[in-house]
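Enquirer: What shape does this take:
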Amino acid sequence: MEALRIISDEHQALAAILHAIRFMLKEVAAGRLEPDLKLFQAMVHYLDAYAEKRHHPKEDLLFKYLEGRTAEGADALANLAVQHAAAPERIAALDRALADFVADPTRFAGFAAAFDRYADFYRSHMMAEEDIVLPLIRRHLTAEDWAAVNQEFLAEMAENSGKDGASEDFSALFSRLVECAPAPIGFGGRPFA
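Expert: Numbering: from 1, shown residues only. From the prediction side, this is the model:
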């Protein structure tokens, strides 16, 4: 069940980034924080490059194993597949709103609203996975399924670790985001550069 631990860890990291952005937006709106535009850009990049492009394919793989074992949860899986397929449109809307804000600080409200839509969707999306689909996966996958999916997850992670310079090192990026995010959600030591 290594794959479930990986999915859980990734959900926690994604939730932390969503929470951090939401916190920073509230602090900026209240006038207690100057916006760190590069930090916002890096966090949105993380949501795109990691959540949408690395995390969802692993889930899709896991979901296929479930589909091979039972029809239970088919509606939820179909809905999640549609949501995964719509990821490029969702992140593009958030990217556009952020680009507008970076170009014109008076467009802050548009970015905040776009982020709220994205975060609300993502929270609901993860809850459907965790409350409906992951329990079914725990119940229906066989020991052979787990051995295969764990091997595939670990191979994907090794291939895309970023340690070889061939792909982005998301672990290091996440650490930098935490270092730069303002307290109490991060260490708030410096602007993102």
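Enquirer: buried sites along the lengthiest helix in the chain?
Expert: Criterion DSSP state H: the longest helix present in the chain is helix 2-29. Within helix 2-29, the residues scored as buried using 16 or more other Cβ atoms under 10 Å are 3-4, 6-7, 10-11, 13-14, 16-18, 20-25, 28. In short, each C-beta sits where N, CA and C put it, glycine included.
Enquirer: try stretch 131-150
Expert: For stretch 131-150, the neighbour count (16+ other Cβ under 10 Å) marks 132-134, 136-137, 140-141, 145-146, 149-150 as buried.
Enquirer: returning to what we had before: quick one: mean pLDDT over the longest helix of the chain.
Expert: Mean per-residue pLDDT for helix 2-29: 94.
Enquirer: show me the contacts for residue 90.
Expert: 52, 118, 121 (Cβ atoms under 8 Å, 6 or more residues apart in numbering).
Enquirer: Sorry, wrong one. I was asking about residue 116.
Expert: By Cβ under 8 Å, 6+ apart, the contact list for residue 116 reads residue 22.
Enquirer: With residue 27 instead?
Expert: Listed by Cβ under 8 Å, 6+ apart, the contact partners of residue 27 are 33, 182.
Enquirer: for residue 46, same thing?
Expert: Residue 46 neighbours (Cβ under 8 Å, 6+ apart): 17, 170, 173-174, 177.
Enquirer: returning to what we had before: switch the buried residues of stretch 131-150 over to CSV; also include distance to residue 102.
Expert: Converted to CSV, the buried residues of stretch 131-150 look like this (distance: Cβ to Cβ, whole Å):
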residue, distance to residue 102
132, 37
133, 36
134, 37
136, 42
137, 40
140, 46
141, 44
145, 45
146, 44
149, 40
150, 41
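Enquirer: In helices, which of these fall?
Expert: 134, 136-137, 140, 145-146, 149-150.
Enquirer: which residue packs closest to the most centrally placed residue in the chain, ignoring adjacent ones?
Expert: Residue closest to the mean C-alpha point of the chain, counted by Cα atoms, centre = their mean, is residue 51 at 3.4 Å. Excluding its sequence neighbours, the residue lying closest to residue 51 (Cβ to Cβ, 6 or more residues apart in numbering) is residue 14, at 5.1 Å.
Enquirer: I'd like the distance from stretch 184-193 to the chain centre, please.
Expert: Here stretch 184-193 is found 20 Å from its chain centre; the criterion is Cα atoms, centre = their mean, to the nearest Å.
Enquirer: what's the answer for stretch 101-114, then?
Expert: The answer for stretch 101-114 is 21 Å, by Cα atoms, centre = their mean.
Enquirer: Thanks a lot, catch you later.
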